[in-house]
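**Student:** The following block contains a protein sequence and its predicted model.
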Amino acid sequence: MFDAFSALTLARMQFAFTISFHFIFPAFSIGLASYLAVLEGLWLRTGRDVYLQLFKYWLKIFAITFGMGVVSGIVMAYQFGTNWAVFSDKAGPVIGPLMAYEVLTAFFLEAGFLGVMLFGLEKVGKKLHFAATCMVATGTAISAFWIIAVNSWMQTPQGYGINAQGQFFATSWLEVIFNPSMPYRLVHVLLAAYLTTAMVVGGAGAWHLLKDRRAGKTPREGTRIMFSMAMWMAALVAPLQIVAGHEHGTNTLEYQPAKISAMEGHYKSYPGGPDGGAPLILFGIPDDKAQVMRYPVEIPRIGSVILKSDIEAPMAGLDQVPPENRAPVGIVFWSFRIMVGIGMLMLLMGGWSLWARYRNTLHSDAWLHRLALVMGPTGFVAVLAGWITTEVGRQPFTVFGLLRTAESASPLAAPAVAASLIAFVVVYFAVFGVGTWFIIKLMGHEPTPGEEGPTRGDVTRTASLTPVPALDAGAALAE
């Protein structure tokens, strides 16, 4: 089956497969940890048991999600040493310390307070437990900070030198960490995590609201509150994410213009002037071989307005990029549109929820609930589409403009990489498929008064689905 693929292609397929699985769990756990901190804070402030009920309900789901994120993250570290040894040797002096900083900061916070958060509610004071929940939430955000710093340096490297052995080394750690694209990526990723969580919470709430409606039951207070909170998040954060995405795009135009050309489908350059602004291509069929967009559906000159705030601004295309440095347009073009399209649907749902709230129909509008249910998994699709846009758009480089992907791979034979890829596919679908099924099962029951939190037995049963040594080696919290 894999005979036609080179070792490099198989290594890229393996990394894409494993990191796609890994990415969805931290994207959920980052937002869910913050949601749990908000719920517990509201419980302490108001004394209403419904917030504690929701906290315990989502805490069980967080425990499983967090565990699967840990396990899937460990594999990523192994691949740097197996399939990408040359990259590790050359870029390791820069990215290695950043990964270590994540362990020293984020991991210690998460590992130090996770047990108190999961099992300490009845054993420590309320304020101390709330502090533990806040520390875990802070740890997930700090973890995202360091990982985004690593990835952003690979996209827009600065503050480095290259020694006689061809290895990168840091000349300024501040410039390495706060490279030109890092702040934009960090905001974009964190907002995406919050929206992903809001979609899941809103989808679960909508499911129970629809079930209660069909059964002629009055929805429980917990269900109404979690749906309302999710809709507030969608209404407030979706517009912010669109603004953050636009700013990220203009930053990318400055530092990675070839990626923007691929995202926009601009095979040719546009000279600007009264009749020469770049169009906004909504849809089309990219043809990399002919370097042309087939059957484009476009709005003339609006591309220049969006990217440069000037209807007459010129726009460089891929015809100004050497052929060997061009990313595959088809993948980048469509993954970008999937991400943006889902973002527009989130914005629509947020606006709809505000209108329903104004009309006092938020918990009775069945069509809004159906939309929220359908939108439940779309946050995961959007973050994966965004990741594909970012990473494939960087090709053919691992460190943009400096180290090619073809020069980064280990000298392995294709059958060896194919064998490990097949093993990963089988194990991942078995292990994480069961874990995901268990999460959906937990969300299938409605939050009820007297909701029980996670027990050690629950965690033990979940751990039995995953490699126990990996769970013990939590230092690989590669979120």
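**Tutor:** Thanks, I have the structure now.
**Student:** Number of residues surrounding P274?
**Tutor:** When neighbours are counted by other Cβ atoms under 10 Å, P274 registers 8. (Each C-beta comes from the backbone N, C-alpha and C, glycine too.)
**Student:** quick one, what contacts the closest residue to L174 other than its chain neighbours?
**Tutor:** Spatial nearest neighbour of L174, chain neighbours left out: G159 (7.1 Å); criterion: Cβ to Cβ, 6 or more residues apart in numbering. By Cβ atoms under 8 Å, 6 or more residues apart in numbering, the contact list for G159 reads 170-176, 179.
**Student:** rerun that using 7 Å as the cut-off
**Tutor:** 170-173, 175-176 (Cβ atoms under 7 Å, 6 or more residues apart in numbering).
**Student:** try H445
**Tutor:** Neighbours of H445 in contact, by Cβ under 7 Å, 6+ apart: none.
**Student:** so it sits in a strand?
**Tutor:** No - counting by DSSP: H, G, I helix; E, B strand; the rest coil, H445 falls outside a strand, being coil.
**Student:** any idea how far T223 is from it?
**Tutor:** H445 sits at a distance of 11 Å from T223 (criterion: Cβ to Cβ, to the nearest Å).
**Student:** swap in M135?
**Tutor:** For M135, the distance to T223 - Cβ to Cβ - is 29 Å.
**Student:** next one: T196
**Tutor:** 20 Å.
**Student:** same thing with V124?
**Tutor:** From V124 to T223 the distance is 29 Å (Cβ to Cβ).
**Student:** go on, I24?
**Tutor:** Counting by Cβ to Cβ - I24 and T223 are separated by 25 Å.
**Student:** and what of F336?
**Tutor:** Counting by Cβ to Cβ - F336 and T223 are separated by 36 Å.
**Student:** same question, G112
**Tutor:** 34 Å.
**Student:** ok, these two, which is more surrounded?
**Tutor:** The neighbour count for G112 versus T223, taken as other Cβ under 10 Å, is higher for T223 (24 against 13).
**Student:** on contacts alone, who are the packing partners of the helix or strand containing that one?
**Tutor:** Secondary structure from DSSP states H and E places T223 in helix 221-255. Applying 3 or more Cβ pairs under 7 Å, 6 or more residues apart in numbering; DSSP states H and E, one finds that helix 221-255 makes contact with helix 49-82, helix 182-215, helix 257-264, helix 302-308, helix 329-358.
**Student:** can you put those in CSV and add mean pLDDT, mean neighbour count and distance to A316?
**Tutor:** Formatted as CSV, the helices and strands packed on helix 221-255 follow (pLDDT from 0 to 100; neighbours: other Cβ atoms under 10 Å; distance: least, Cβ to Cβ, whole Å):
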stretch, mean pLDDT, mean neighbour count, distance to A316
helix 49-82, 86, 22, 34
helix 182-215, 94, 22, 20
helix 257-264, 94, 24, 6
helix 302-308, 90, 18, 11
helix 329-358, 96, 19, 15
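**Student:** Quick one, which of those gets closest to M315.
**Tutor:** With Cβ to Cβ, the closest approach to M315 among the helices and strands packed on helix 221-255 belongs to helix 302-308: 5.8 Å.
**Student:** what's in contact with that closest one?
**Tutor:** With Cβ under 7 Å, 6+ apart as the criterion, helix 302-308 contacts 249-250, 253, 260, 264, 277-280, 310-313, 315.
**Student:** Return a ChimeraX selection command for the buried portion of those.
**Tutor:** Buried residues within the contacts of helix 302-308, by 16 or more other Cβ atoms under 10 Å, are selected in ChimeraX with:
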select :249,253,260,264,277,278,279,280,313,315
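**Student:** give the contact list for G284.
**Tutor:** 265, 293-297.
**Student:** Let's see if you can find the most crowded of the residues you listed.
**Tutor:** Going by other Cβ under 10 Å, G265 tops the contacts of G284 with 28 neighbours.
**Student:** doesn't Q291 make contact with that residue?
**Tutor:** No - counting by Cβ atoms under 7 Å, G265 does not reach Q291; the two are 11.0 Å apart.
**Student:** List buried residues within the contacts of G159.
**Tutor:** Judged by 16+ other Cβ under 10 Å, buried ones among the contacts of G159: 170, 176.
**Student:** Of the contacts of G159, which is the nearest to V374?
**Tutor:** Closest to V374, out of all of the contacts of G159 and judged by Cβ to Cβ, is V176, at 42.0 Å.
**Student:** V94 is in contact with that closest one, correct?
**Tutor:** Yes - the criterion here is Cβ under 7 Å, and V176 meets it with V94 at 6.1 Å.
**Student:** intersection of neighbour lists for those two?
**Tutor:** 153, 160, 170.
**Student:** Dump those residues into CSV; add distance to W367, pLDDT and secondary structure as well.
**Tutor:** Shown next, in CSV, are those (distance: Cβ to Cβ, whole Å; pLDDT from 0 to 100; DSSP: H, G, I helix; E, B strand; the rest coil):
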residue, distance to W367, pLDDT, secondary structure
W153, 46, 96, helix
Y160, 53, 94, strand
A170, 54, 94, strand
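**Student:** List just the nearest of the residues you listed to I142.
**Tutor:** W153 (17.0 Å).
**Student:** tally of neighbours for L368?
**Tutor:** Around L368 there are 22 residues (other Cβ under 10 Å).
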